[in-house]
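Peer 1: Any chance you could fold what I've pasted below:
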Amino acid sequence: MRLRLLFSESVRSLAANLSTTVAATMTVLIGMFLLGLFVALGSWVVSWSDHVKRELVVKAFFVPEAEEAQFNSVRRLLAADTVGADAKIKSFQFISKGEALERMRKQFPDFTSDLTSNPLPAAYEIVPKRGEDVEAIATSLKPLPAGLDKVTYGKQTADRILRVARVIEIVFLAAVLVLLAASTLLIANTIRLSIFSRRREIEVMKLVGATNWFVRGPFMLEGLLCGLAGAVAAIFLLLLGKELALPAILGRIESSSDVQALAFSLNAAILIGVGLTIGAIGSGLTLRRFLNV
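Peer 2: All right, here's what the predicted structure looks like:
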């Protein structure tokens, strides 16, 4: 009964103060739309950087006269680094001289058409668990075991990729925090204006003996409703963009299947949660100064 009264009073107040209600809801809509858009875009960029890091590999090349026993010795050394909590190697593959030549013929047929012998060495391709582990894996193979000629991982390219990926992650996190803080302040200020226009109503309620929570309850519920309405509207706009604009954009971008943004359902849940939280907390905190009558 009390909950029904609280809800009906909140709806009545929202309808009676339509202009401030629309202003608060639109503010939440804009803030949540920008937040949802940036979360989707930022998570896609982070996923792309992870994809690029996963393409980093370490290559261990053997001398031309390497023997089977030396191949097996290096295999055992690599296999030991695939188990355990601190393992750095995700997988590794032996590439024979014949397989290396076949790959070269597929990639560069013009350069291999006149070859009379196979100049390519046998090698192990080593995939790290994390892109950041390539240097550590290369270092673990030094001094070089018998039969190995050299170990490479494209140091300059790998360092550049890892540096860019790190910057992307930091920028994404900082931008989300800044956007969240800005949305909170903007929404709180809008709610403050709404409450300020009704300060006389609050004073009257306090003078007739209403408790702080009796006064605060309807306003916090109003904040929840405004936050929910704004977040749902923002999700609807994002859904339209996802269905109408996104296919046209993705059609012009070459992307791997494992590069994906945060799931839309999870993004929507985040927006609803943030909208409800900001609406309720913004109303509750802003109302404190008007309760001291």
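
Peer 1: start to end distance for stretch 57-71?
Peer 2: Stretch 57-71 stretches 19 Å from its first residue to its last (Cα to Cα, to the nearest Å).

Peer 1: Tell me where the model's unsure across the stretch 1-150 of the chain.
Peer 2: 1-3, 5-7, 9-11, 13-14, 16-17, 111-113, 115 (pLDDT under 70).

Peer 1: so how far is stretch 141-159 from its chain's centroid?
Peer 2: 33 Å (Cα atoms, centre = their mean, to the nearest Å).

Peer 1: Which residue comes closest to the residue nearest the centre of the chain once chain neighbours are left out?
Peer 2: Nearest to the mean C-alpha position of the chain, by Cα atoms, centre = their mean, lies residue 43 at 3.1 Å. Excluding the flanking residues, the one nearest residue 43 by Cβ to Cβ, 6 or more residues apart in numbering is residue 262, at 3.9 Å. Where C-beta positions appear, they are placed from N, C-alpha and C, glycine not excepted.

Peer 1: how near is the one you found to residue 150?
Peer 2: 41 Å (Cβ to Cβ, to the nearest Å).

Peer 1: returning to what we had before: state the phi and psi torsions of the residue nearest to residue 43.
Peer 2: Main-chain dihedrals, residue 262, degrees, to the nearest 10: phi -60, psi 140.

Peer 1: Count the residues that sit near it.
Peer 2: Residue 262 has 17 neighbours, counted by other Cβ atoms under 10 Å.

Peer 1: thought it was touching residue 41?
Peer 2: No - shown here, residue 262 and residue 41 do not form a contact pair, counting by Cβ atoms under 8 Å, at 9.9 Å.

Peer 1: Let me see the ranges of the helices in the protein.
Peer 2: 2-16, 18-54, 68-79, 97-107, 109-112, 134-140, 155-196, 199-207, 212-240, 246-250, 264-287 (DSSP state H).

Peer 1: Kindly reformat these as CSV containing distance to residue 127.
Peer 2: CSV is the format used below for the helices of the chain (distance: least, Cβ to Cβ, whole Å):
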stretch, distance to residue 127
helix 2-16, 57
helix 18-54, 8
helix 68-79, 11
helix 97-107, 16
helix 109-112, 26
helix 134-140, 10
helix 155-196, 13
helix 199-207, 64
helix 212-240, 36
helix 246-250, 27
helix 264-287, 28
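
Peer 1: Quick one, which of those gets closest to residue 123.
Peer 2: helix 97-107 (6.7 Å; Cβ to Cβ).

Peer 1: Pull out the buried positions in that closest one.
Peer 2: Neighbour counts over helix 97-107 (16 or more other Cβ atoms under 10 Å) mark 97, 100-101, 104 as buried.

Peer 1: Ok, stretch 58-69 next?
Peer 2: In stretch 58-69, counting by 16+ other Cβ under 10 Å, buried: 58, 60-62, 66.

Peer 1: what does it rub up against?
Peer 2: 70-71, 74, 121-126, 128, 134, 137-138, 141, 147-153 (Cβ atoms under 8 Å, 6 or more residues apart in numbering).

Peer 1: Please apply the same query to stretch 34-42.
Peer 2: 172, 175-176, 179-180, 183, 234-235, 238, 241, 261-262, 264, 267-268, 270-271, 274.

Peer 1: Nice, that's everything, thank you.
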